[in-house]
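Colleague: what follows is a predicted structure for the sequence shown.
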Amino acid sequence: MTVPKTTKTGKPKQDELSSTLQKSDAKAQRTFAKTYDSAADQYGEGERAHRVAYDALKHSYEKVGDHWEEKDKKGPSDARAKSGGPNAKGKTAEGVDANSTKKHLLDIARRLDVRGRSTMRKADLVSAIEKANRRESAKNR
């Protein structure tokens with residue numbers, strides 16, 4: 001992935017953002033790009049800067065299909081985000097807000113047309129939404 005440096009106007013360069021961020025609102029794009037720029041200055045370019053930027057994005061946004069949407073309530077999105085830091089432990093939910101309510105997850109699953117969602121447990125919903133998100137992103141690239 002190339003470096004998503006911001007332009008003089010503070011806007012990220014569109015061709016340097018991932019396809020899911022290109023389909024997201026301007027605030028999500030700025031959040032990712034500015035955090036990435038800061039992390040790249042501090043840690044150097046590469047995987048760590050990307051992780052920091054996505055962690056910041058996932059604090060306020062959740063992945064829904066092939067784009068990012070603002071969460072109703074800010075905060076860590078999964079077990080890995082809760083533990084924090086460069087040596088974070090736990091499983092990532094790939095942008096799904098695993099800490100949200102089951103009702104919210106059911107609403108997202110309905111929007112993504114996840115089959116069998118009404119009988120799923122919360123953890124199963126998270127996994128099904130992750131899979132649906134990957135499928136949507138791949139389809140719309």
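Modeller: Perfect, thanks for sending it. In this text the structure is predicted, and so the values were computed from the model without any measurement.
Colleague: and stretch 103-117, how far apart are its ends?
Modeller: Its start and end residues considered, stretch 103-117 measures 11 Å (Cα to Cα, to the nearest Å).
Colleague: what's in contact with that stretch?
Modeller: Contact with stretch 103-117 is made by 62, 64-65, 72, 96-97, 118, 120, 122, 125-126, 128-129, 132-133, 136, as judged by Cβ atoms under 8 Å, 6 or more residues apart in numbering. (Each C-beta comes from the backbone N, C-alpha and C, glycine too.)
Colleague: if we use 7 Å, what do you get?
Modeller: For stretch 103-117, the external contacting residues (Cβ atoms under 7 Å, 6 or more residues apart in numbering) are Val64, Gly65, Lys122, Leu125, Val126, Ala128, Ile129, Ala132, Glu136.
Colleague: what helices or strands is the worst-scoring helix or strand of the chain on mean pLDDT leaning on?
Modeller: Across the helices and strands of the chain, mean pLDDT, DSSP states H and E gives its lowest value to helix 79-83, namely a mean of 80. Judged by 3 or more Cβ pairs under 7 Å, 6 or more residues apart in numbering; DSSP states H and E, helix 79-83 is in contact with no other helix or strand.
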